[in-house]
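Colleague: Next comes the sequence, and after it the predicted model I'd like to discuss.
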Amino acid sequence: MRRSPKLTYTLIAIVLSLALFLALVLWLRVPAYIAWVIAASIVLFALYGYDKAQAKAGGGRVPEIVLHGLALLGGFIGGWAGMYTFRHKTQHPIFKVVLAIATVLNLVLIYLLYFR
């Protein structure tokens with residue numbers, strides 16, 4: 001029985017993000033929200049790179065919903081960096097729209113958490 005790519009990549013993204021998050025919080029004492037943004041961004045950046053490589057090789061791709069979801073959940077910095085570092089998804093307006101929305105949402109959250 002073959003697993004859904006959406007489920008597979010979602011689980012990979014969550015597990016890697018949580019592992020990095022825990023490492024940042026427990027070992028480096030990074031504040032929780034900042035640690036989550038860093039962890040999710042690193043994972044999303046890696047997923048953009050992997051997806052670009054798979055696109056060139058004609059292999060299995062990371063579903064767009066996984067990329068959008070992780071961006072909205074805090075990986076927006078890695079999304080922007082991955083998009084422009086790998087020159088991937090730059091011609092798809094929806095990716096810029098989702099990253100812009102994710103950026104605004106997270107900036108509001110940063111304001112509420114740290115400056116209010």
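Modeller: Structure's in. What do you need? What you see is a predicted model, and the numbers here were worked out from it, not measured in a lab.
Colleague: Packing partners of the strand or helix carrying residue 34?
Modeller: Using DSSP states H and E, the element containing residue 34 is helix 32-57. Applying 3 or more CB pairs under 8 Å, 6 or more residues apart in numbering; DSSP states H and E, we find helix 32-57 packed against helix 5-26, helix 64-70, helix 76-85, helix 93-114. C-betas here are computed from N, CA, C, even on glycine.
Colleague: Looking at these, which is nearest to residue 33?
Modeller: Set against residue 33 and scored by CB to CB, the helices and strands packed on helix 32-57 come closest in helix 93-114, at 5.7 Å.
Colleague: Sort out which residues of the closest one are buried, please.
Modeller: Across helix 93-114, burial judged by 16 or more other CB atoms under 10 Å covers 95, 98, 99, 102, 106.
Colleague: Tell me the spacing between the most centrally placed residue in the chain and residue 57.
Modeller: Centroid-nearest residue in the chain, with CA atoms, centre = their mean: residue 44, separated by 2.9 Å. In this view, residue 44 and residue 57 are 20 Å apart by CB to CB, to the nearest Å.
Colleague: so what's the residue lying closest to residue 90 once chain neighbours are set aside up against?
Modeller: Closest residue to residue 90 apart from its sequence neighbours, by CB to CB, 6 or more residues apart in numbering: residue 83 at 5.8 Å. For residue 83, the contacting residues are 48, 89, 90, 95, 96, 99, by CB atoms under 8 Å, 6 or more residues apart in numbering.
Colleague: Residue 39: which of the residues you listed is nearest?
Modeller: Proximity of the contacts of residue 83 to residue 39 (CB to CB) peaks at residue 48, which lies at 15.3 Å.
Colleague: I am assuming that closest one contacts residue 64, so please confirm or correct that.
Modeller: No: using CB atoms under 8 Å, residue 48 is not in contact with residue 64, being 11.4 Å away.
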